[in-house]
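Novice: Structure for this input, please:
(2 chains)
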Amino acid sequence: MSALARVASEFVASWHSFLRRRTAVFFTFFFPAIIVVIFGALVQTQPTGGGLFAEPKEYYIAGYLAVVVLFTPLSRVGSTIARHRDGNRFEKLATTPLTRAEWLLAHSLVNVVVIGLAALLLLGLSVLVTGASIPVSAATLAVIPFVALGVTLFCGLGAIIGSLADSQDGVIAASNAIALPLLFLSETFVTPDLLPAWFVPALNLSPLTFFARGVRALTYTGGEWATNLGILAALSVAFFVAGTLAIPQTD
Amino acid sequence: MNEVLVADDLRKSYGDVEALSGVSLSVAEGEVFGLIGPNGAGKTTLVRALTGTTTPDSGSASVLGSDPTSVDRQRLGLLPQDFTPAGRLTARELVAYYAGLYDDARDPDELLSDVGLADAADTWYENLSGGQQRRACIALTLANDPDVLFLDEPTTGIDPAGRRSLWSLIDDLAARGTTVFLTSHSMAEIERLADRVGLLNEGQLVTVGRPDDLVAEHGGENRLVVRTADSISLDDISLPPSLAAEVTAEGVTVYGVGPREIGTTVTALDDAGIVYESLVWKQPGLEEVYLSLTGEQFEGARPTAAAVAGGSQ
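Specialist: Numbers count the residues shown, from 1 in each chain, chains lettered A, B, ... in the order given. Got it, this is the predicted structure:
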């Protein structure tokens, strides 16, 4: 019960801090909107041609979701850790009953809520702007755990980056350097047949691949998604634990 | 005497820099222990070793009878040096946030009132003045009503009135039995608050004792600092045997001058025809102890015989 109260206290403080950074709030929700407008409305998909964006528009919904699930937690948690370290907040927290796992859980939950809202916005815009049709069934609700687990996974990775980088600038640079290749090499926007055959097995090394495959099965192709959810869950636990251990507790 | 904090031969290095070189000390329950020392002396490292936020290379520490990393954190309070909490939470939200991390916590409004921030409770931390920010930090440090309180330079940036209200707060905590471990660069603060003082220099605890005892042992003598219009010669001055004098750039400093000898000294200056612009009588304090034991410029000690006039003259 007291662990729950501690997580709640950390969640509330983090939530208020986020809501009061108006620029951060604006761009968190502007980001998915601009992605859909650029790729869905301006570039558009060309199902009859070859190359990029040659798949039906529904194919890319998983990719749009992957953008917010990947970028926002990485940069947010990484920067938060850098800010906490600069202000000696971890030194203070280390002398309170709050554990590192509770801290990361609270911040992951804030990100799940924020990115869940951004994902809803993104799905709505996808339907409105691109005319994509998303199958609506009970199974579609499984997108929610995919988003929650994906966010948790990248919060863990963000915690690792934030702990290793020595500044907020370093966090942003490292996040971009890691996120960009992950985004395009995880079956999000680039289909496996566009990549060299020898590279295709490497797609399985990206956790985002399992997110994209599972969400695509739910929002477009249909078929089996539970295995991808299971793999994503296992990876989320692993990254969460690694992120927890990486969070600074001593100097 | 129940020892609440114990450090035994603590050593800690950062690369080639030895921050702690075998520090041993103990602090009793309800005691206010003041730690002074130059920048880089190892004060913050010692606080971190005692709070479990750094791991010493060797030696051991205990807090409330436990290893610092496993002590009951409900009973511990720490205000780290240069601590900066979230800027866009109000003072009340910040205190409530830290209070929410404990099973048993004090009322945030009561704490803000104790540190004189009741009127600014709804102001974002980043919009508080420097002194108000520090007071908010102290309020959140007291959220769990700790039995052992570590304050690493708590009054930096606070104006004199705010500082005195915090001193009064620390007095109250000590009176209620809270053990306080305090670091500061303000000798007045340490003299005012500490039951015992430790001086850390280059990672070593140079001395520990009650402020009065340290001043008596290391603080040097009372002195009369005389600023003269012209340069003078000590040969012209006839001082009582117990006093000694030294020519300085501004005039002359007479050592060993108690309250009763001030008049005698002034008469001696007058008799020598010395025209003085100002007379300042100084008693030694912790600052003199600090300067004496850290090897920094120290004006409290009677100079060597070669530079002295008095006594036999």
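
Novice: Please count neighbours and contacts with C-alpha atoms only from this point.
Specialist: Fine.

Novice: Might you report the residue contacts of the nearest residue to B:Ala120 once chain neighbours are set aside?
Specialist: Leaving out its chain neighbours, the residue that sits closest to B:Ala120 by Cα to Cα, 6 or more residues apart in numbering or on different chains is B:Ala91, at 7.1 Å. By Cα atoms under 8 Å, 6 or more residues apart in numbering or on different chains, B:Ala91 lies in contact with B:Leu112, B:Ala120, B:Ala121, B:Asp122, B:Thr123, B:Trp124, B:Tyr125, B:Ala136.

Novice: what does A:Gly116 give?
Specialist: Taking Cα under 8 Å, 6+ apart as the test, what A:Gly116 contacts is A:Ile144, A:Val147, A:Ala148.

Novice: Most neighbours out of these, which is it?
Specialist: In terms of neighbours by other Cα atoms under 10 Å in any protein chain shown, these top out with A:Val147 at 23 neighbours.

Novice: Am I right that that residue is in contact with A:Val68?
Specialist: No. Counting by Cα atoms under 8 Å, A:Val147 does not reach A:Val68; the two are 9.4 Å apart.

Novice: what sits in contact with each of the two?
Specialist: Common neighbours of A:Val147 and A:Val68 (criterion: Cα under 8 Å, 6+ apart): A:Ile115.

Novice: Report the two of the contacts of B:Ala91 separated the most.
Specialist: Farthest-apart pair in those is B:Leu112 and B:Trp124; separation 13.6 Å (Cα to Cα).

Novice: Which residue of these two possesses the greater neighbour count?
Specialist: Neighbour count, other Cα under 10 Å: between B:Leu112 and B:Trp124, B:Leu112 has more, with 24 against 18.

Novice: So is the one helix or strand the more buried one maps to next to chain A?
Specialist: B:Leu112 is part of helix B:108-114 when elements are defined by DSSP states H and E. No. Helix B:108-114 lies apart from chain A when judged by Cα under 8 Å from any Cα of the partner chain; the minimum separation is 13.5 Å.

Novice: one step back: chain A: which of the contacts of B:Ala91 is nearest?
Specialist: B:Trp124 (10.2 Å; Cα to the nearest Cα).

Novice: which of the residues in the helix or strand bottoming out on mean pLDDT in chain A are buried?
Specialist: Every helix and strand in chain A was compared by mean pLDDT, DSSP states H and E; the lowest is helix A:22-35, with a mean of 86. Buried positions in helix A:22-35, judged by neighbour count with 16 or more other Cα atoms under 10 Å in any protein chain shown: A:Thr28, A:Phe29, A:Phe31, A:Pro32, A:Ala33, A:Ile35.

Novice: Which secondary structure elements does it sit against?
Specialist: Applying 3 or more Cα pairs under 8 Å, 6 or more residues apart in numbering or on different chains; DSSP states H and E, we find helix A:22-35 packed against helix A:2-19, helix A:61-86, helix A:100-125.

Novice: rewinding a little: TSV please, covering the contacts of A:Gly116 and showing secondary structure, distance to A:Leu128 and pLDDT.
Specialist: Below are the contacts of A:Gly116 laid out as TSV (DSSP: H, G, I helix; E, B strand; the rest coil; distance: Cα to Cα, whole Å; pLDDT from 0 to 100):
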residue	secondary structure	distance to A:Leu128	pLDDT
A:Ile144	helix	20	96
A:Val147	helix	21	97
A:Ala148	helix	24	97
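
Novice: just the helices in chain B please.
Specialist: Secondary structure of chain B, counting by DSSP state H: helices at B:43-51, B:91-99, B:108-114, B:130-141, B:160-175, B:187-193, B:211-218, B:261-271, B:286-294.

Novice: As CSV, those helices with mean pLDDT would be great.
Specialist: Formatted as CSV, the helices of chain B follow (pLDDT from 0 to 100):
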stretch, mean pLDDT
helix B:43-51, 95
helix B:91-99, 97
helix B:108-114, 94
helix B:130-141, 91
helix B:160-175, 88
helix B:187-193, 91
helix B:211-218, 89
helix B:261-271, 87
helix B:286-294, 86
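
Novice: Out of the ones you listed, which gets nearest to A:Thr130?
Specialist: helix B:91-99 (43.1 Å).

Novice: So which bits of that closest one are buried?
Specialist: Buried, per 16+ other Cα under 10 Å, within helix B:91-99: B:Ala91, B:Arg92, B:Glu93, B:Leu94, B:Val95, B:Ala96, B:Tyr97, B:Tyr98, B:Ala99.

Novice: before we move on, what about stretch B:99-116?
Specialist: By neighbour count, and taking 16+ other Cα under 10 Å as the criterion, the buried residues in stretch B:99-116 are B:99-102, B:105-106, B:108-109, B:111-112, B:114-116.
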